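Q: Give me the fold of what follows.
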Amino acid sequence: MCFLEAAGKQEILCRTPLAGPAGQFWLRGLMEPFGLRREDVLIANVLRCHPPKNTYPTGKLRDLAEHHCRQYDEAIRAFSPNLFIVTFHPAAILRTPAYYEPTKRAVEKALGFLERGFRPCLLMGDKAAKLVFPIIAEENLTRWQGHWFQGEWP
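A: Residues are numbered from 1 along each chain as shown. Okay, here's the model as predicted:
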C-alpha cells in the first residue's frame, strides 16, 4: 500500500492517485522495476481534495477536512496495514534525484516485509505520515525517513 497526502490537480481530473508526472515517475521508476503494476498496490490519498496553495489546514478547518475529504478509508481498513515505512513523496524525488535511492530501498524493504507476512504501508512524504499519525506531527519527522515502525491503522 502507498499512502499520499492529497490529490494533485491531475489526480483530481483523472480521479486516480499518482496520475500526474510525479506519479508516473513513481509507477515507472519504482514499481515496474520490482515487477509491480498499479493494480498490484493499493494507492490512496489521505484527502481527496487538493488543499489551497498545497497547504494543509489546521484547527477546526483540519477537522472538517478530515471528516469530509478522507478517501479510501474502507479499503485501507480492509487492508489493515500493520507496518509503516516513511519515504519521500514522488514529487520530492523529481525535484531532488538524490531521494531516488533511499525511496527504492524503502520499496524493497516493504516487499521484504510483505514476504514475511506483514501488510506494509509506504507513507509517502512527511505530510502523509503526519496525517496518518498525528502523534508524530510534533516530532521532527526527518528522523523517520527511510525507517519503519509497527502499529495499527489509527
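Q: my guess is P81 meets M1, correct?
A: Yes. Counting by Cβ atoms under 8 Å, P81 does reach M1; the two are 5.6 Å apart. Just so you know, the C-beta spots here come from the backbone N, C-alpha and C atoms, and that holds for glycine as well.
Q: overlap in contacts of those two?
A: 119-121 (Cβ atoms under 8 Å, 6 or more residues apart in numbering).
Q: which one of these sits closest to E32?
A: P120 (18.4 Å; Cβ to Cβ).
Q: How about the contacts made by the nearest residue to that closest one once chain neighbours are set aside?
A: Nearest residue to P120, sequence neighbours excluded (Cβ to Cβ, 6 or more residues apart in numbering): A110, at 4.1 Å. A110 is in contact with 85, 120, 122, counting by Cβ under 8 Å, 6+ apart.
Q: Touching, the second one and L114? I think so.
A: Read it as P120. Yes. Contact status for P120 versus L114: in contact at 5.7 Å, counting by Cβ under 8 Å.
Q: between those two, who's got more neighbours?
A: Just comparing P120 and L114: by other Cβ atoms under 10 Å the higher neighbour count belongs to P120, 21 against 13.
Q: Would you list the phi and psi of that one?
A: phi -80, psi 150 (degrees, to the nearest 10).
Q: beta partners of it?
A: L83 (DSSP bridges).
Q: What pLDDT is listed against it?
A: What the model reports as pLDDT for P120 is 90.
Q: which residues touch it?
A: So P120 contacts 1, 81, 83-85, 109-111, 113-114, 148 (Cβ under 8 Å, 6+ apart).
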